[in-house]
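[1] Provided below for reference: sequence and predicted model.
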Amino acid sequence: MQFRQQALAKLQSPEELDLPVRFARPQGWLVLSVTVVAMAAASVWAVTGSVASTVSAPAVLTHGQGSYVLQSPVAGQVTAVLAKQGERLPARAPVLKVATADGEAVVRSVAAGRVSALAATIGQIIQTGANVAAVEKVADADDPLYATVYVPAENAASIPADAAVDLTVQSAPTQRYGVLRGHVKKVDRTAQTPQSIGAFLGDRQLGEQFTKKGRPVAVTVRLDRKASTESGYKWSSQDGPPFELTSMTMATGSIRMADERPIDWLLP
């Protein structure tokens, strides 16, 4: 009862209008200001900003026209190996001599290039169609290298023209030399088969390796040039590795995809 009387008395009393009004403390104003600025910045970024994403995939450094596997047109015993690994040959150059039932035959190169691998040895018995060499299609020592990156087919449509590419080269430790710089030159929209990859690289095993998780798309990357480095190409480090790059060097390519707008995440 006493509590009820006190409550009624308080309701009947006039308001205490003569007491000073309390404003927020300076610390409170500071917190409020920071919150408002952060929210405004986030709103602007959500409308005008973008988020960069990348896709990583295996890559091989080659010359632009790729390689071919030289096959023997005859069966017999290899009596001479006329070419050396690493040697540059013109078209129709002799590579092997083979003793056949009809006499001695010469296996010749199909197109000009560099012998990247020899699979035949003196005394070996070979059959018609046997792989005897891999020849990279390069006629001039100054022909530039390219990187072929085998990306999943579902990512092909998101790769913009001239997209930046960072290549981690197996023979050049990233911690010491950084990554090799490049830009997308061409995106092949046709999914690659083990046979097509093997034919281009001159290595059937690589064709099988790159298609284990599905048929990829080949992305040709133009390597950025820099005359002051030993390799002749641009690296994220100042000088890059102290040696030249060779074809059929394995790498991993990281391609920058088309930027995504964050506002898409905020809308229902």
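    Looks like it arrived, so ask away.
[2] so where do the strands sit in the stretch 101-250 of the chain?
    Here the stretch 101-250 of the chain has its strands, by DSSP state E, counting those that start in this stretch, at 103-108, 113-118, 125-126, 131-136, 145-152, 164-169, 180-191, 216-223, 249-256.
[3] can you show me the CA trace of the longest one as PDB?
    What follows is strand 180-191 as a C-alpha-only set of coordinates in PDB (Å, rounded to 0.1, in the frame of the first residue of the first chain):
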ATOM      1  CA  LEU A 180      56.800 -15.400 -63.900                       C
ATOM      2  CA  ARG A 181      54.500 -12.700 -65.300                       C
ATOM      3  CA  GLY A 182      52.200 -13.100 -68.300                       C
ATOM      4  CA  HIS A 183      48.900 -12.200 -69.900                       C
ATOM      5  CA  VAL A 184      46.200 -14.300 -71.600                       C
ATOM      6  CA  LYS A 185      46.700 -14.400 -75.400                       C
ATOM      7  CA  LYS A 186      44.000 -16.900 -76.400                       C
ATOM      8  CA  VAL A 187      41.300 -19.100 -74.800                       C
ATOM      9  CA  ASP A 188      40.500 -22.200 -76.700                       C
ATOM     10  CA  ARG A 189      36.800 -22.900 -76.100                       C
ATOM     11  CA  THR A 190      37.100 -26.600 -77.100                       C
ATOM     12  CA  ALA A 191      37.700 -29.100 -74.300                       C
END
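[4] packing partners for that strand?
    When contacts are defined as 3 or more C-beta pairs under 8 Å, 6 or more residues apart in numbering; DSSP states H and E, strand 180-191 packs onto strand 145-152, strand 164-169, strand 216-223, strand 249-256. Using the backbone N, CA and C atoms, a C-beta is placed for each residue, glycine as well.
[5] closest to H63 out of these?
    For H63, the closest of these is strand 145-152, at 6.3 Å, according to C-beta to C-beta.
[6] what strands line up against the closest one, and which way round?
    Within its sheet, strand 145-152 is paired with strand 54-63 (antiparallel), strand 216-223 (antiparallel), according to DSSP bridges.
[7] and the last one, average pLDDT?
    So the one you mean is strand 216-223. Averaged across strand 216-223, the pLDDT comes to 95.
[8] hmm, A134 is touching Q71, no?
    No: counting by C-beta atoms under 8 Å, A134 does not reach Q71; the two are 10.7 Å apart.
[9] just to revisit the earlier point, mean neighbour count and distance to Q209 for the helices and strands packed on strand 180-191 - can I get that in CSV?
    Converted to CSV, those look like this (neighbours: other C-beta atoms under 10 Å; distance: least, C-beta to C-beta, whole Å):
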stretch, mean neighbour count, distance to Q209
strand 145-152, 22, 9
strand 164-169, 21, 17
strand 216-223, 22, 11
strand 249-256, 19, 10
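[10] can you redo those strands as CSV, where the extra columns are distance to A75?
    Converted to CSV, the helices and strands packed on strand 180-191 look like this (distance: least, C-beta to C-beta, whole Å):
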stretch, distance to A75
strand 145-152, 34
strand 164-169, 41
strand 216-223, 34
strand 249-256, 34
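[11] where in this protein is pLDDT low?
    1-32, 34, 36-38, 40-52, 139, 141, 258-268 (pLDDT under 70).
[12] ok so, going back, any chance of TSV for the strands paired with strand 145-152, columns distance to E244?
    What follows is the strands paired with strand 145-152, written out as TSV (distance: least, C-beta to C-beta, whole Å):
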stretch	distance to E244
strand 54-63	11
strand 216-223	13
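[13] so for K97, which of the ones you listed sits nearest?
    Taking C-beta to C-beta, strand 54-63 is the member of those nearest to K97, at 28.0 Å.
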